[in-house]
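> what's the 3D shape of this:
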Amino acid sequence: MAAAGLAAVGCGPKLAPSKPLNELTPQEAHGQQVFAGHCARCHYADRDSGLHGPGLFGLFRRKYLRNGAPANDDRVTDLILHGRGMMPAMGNSMDDEQLQALLAYLHTL
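Okay, the predicted model is just below:
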């Protein structure tokens, strides 16, 4: 669900694998469920390559998003809530608890 601008850019060293699903905190696990329900149809969580939107692997472990904006909670939240380009606004489809869980999960990628 994260926006076309959400995929992090960059060549450079390979990133370590994402946090294993069996090690997620309850909030992160809830975020993974939110991701599966709202985002997975357009974004891969486990790779950089795109599906219908960019892959989100390593999203917060890189300095910048694909659109050149800083990879931080404020920018990613704005993209999720308001959309950008082909990314639809998701502000009406999730509550604050789901959004915070989703952000927590995205940090594990």
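> now do the helices in this protein.
With helices called from DSSP state H, the chain shows them at 26-38, 73-82, 96-106.
> so, low pLDDT: which residues of the protein?
Counting by pLDDT under 70, the chain has low-confidence residues at 1-13, 15.
> related to what we said a few turns ago, of the helices of the chain, flag the one that's most buried.
helix 96-106 (a mean of 20; mean count of other Cβ atoms under 10 Å). Where you see a C-beta, it was placed from the backbone N, CA and C, and this is true even at glycine.
> excluding its backbone neighbours, what's nearest residue 97?
residue 30 (8.0 Å; Cβ to Cβ, 6 or more residues apart in numbering).
> how near is that neighbour to residue 83?
Noted for residue 30: a distance of 22 Å to residue 83, by Cβ to Cβ, to the nearest Å.
> before we move on, the earlier item: quick one, which of the helices of the chain is nearest to residue 53?
Across the helices of the chain, residue 53 has its closest neighbour in helix 73-82 (10.3 Å, Cβ to Cβ).
> with only the CA atoms kept, save the closest one in CSV.
Output of helix 73-82 as CSV, limited to C-alpha atoms (Å, rounded to 0.1, in the frame of the first residue of the first chain):
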residue,chain,number,x,y,z
ASP,A,73,7.8,8.1,9.5
ASP,A,74,6.4,11.5,8.6
ARG,A,75,7.1,11.1,4.9
VAL,A,76,5.9,7.5,4.7
THR,A,77,2.8,8.3,6.8
ASP,A,78,1.9,11.1,4.4
LEU,A,79,2.3,8.8,1.4
ILE,A,80,0.1,6.2,3.0
LEU,A,81,-2.6,8.6,4.1
HIS,A,82,-2.7,10.9,1.1
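> please state the offset of it from the chain centre?
10 Å (Cα atoms, centre = their mean, to the nearest Å).
> picking up where we left off before, gap between the residue nearest to residue 97 and residue 85?
Distance from residue 30 to residue 85, by Cβ to Cβ: 28 Å.
> got it, and residue 68?
The value you get for residue 68 to residue 85, if Cβ to Cβ is used, is 13 Å.
> who has more neighbours out of those two?
Taking neighbours as other Cβ atoms under 10 Å, residue 68 and residue 85 compare with residue 85 leading, 11 against 8.
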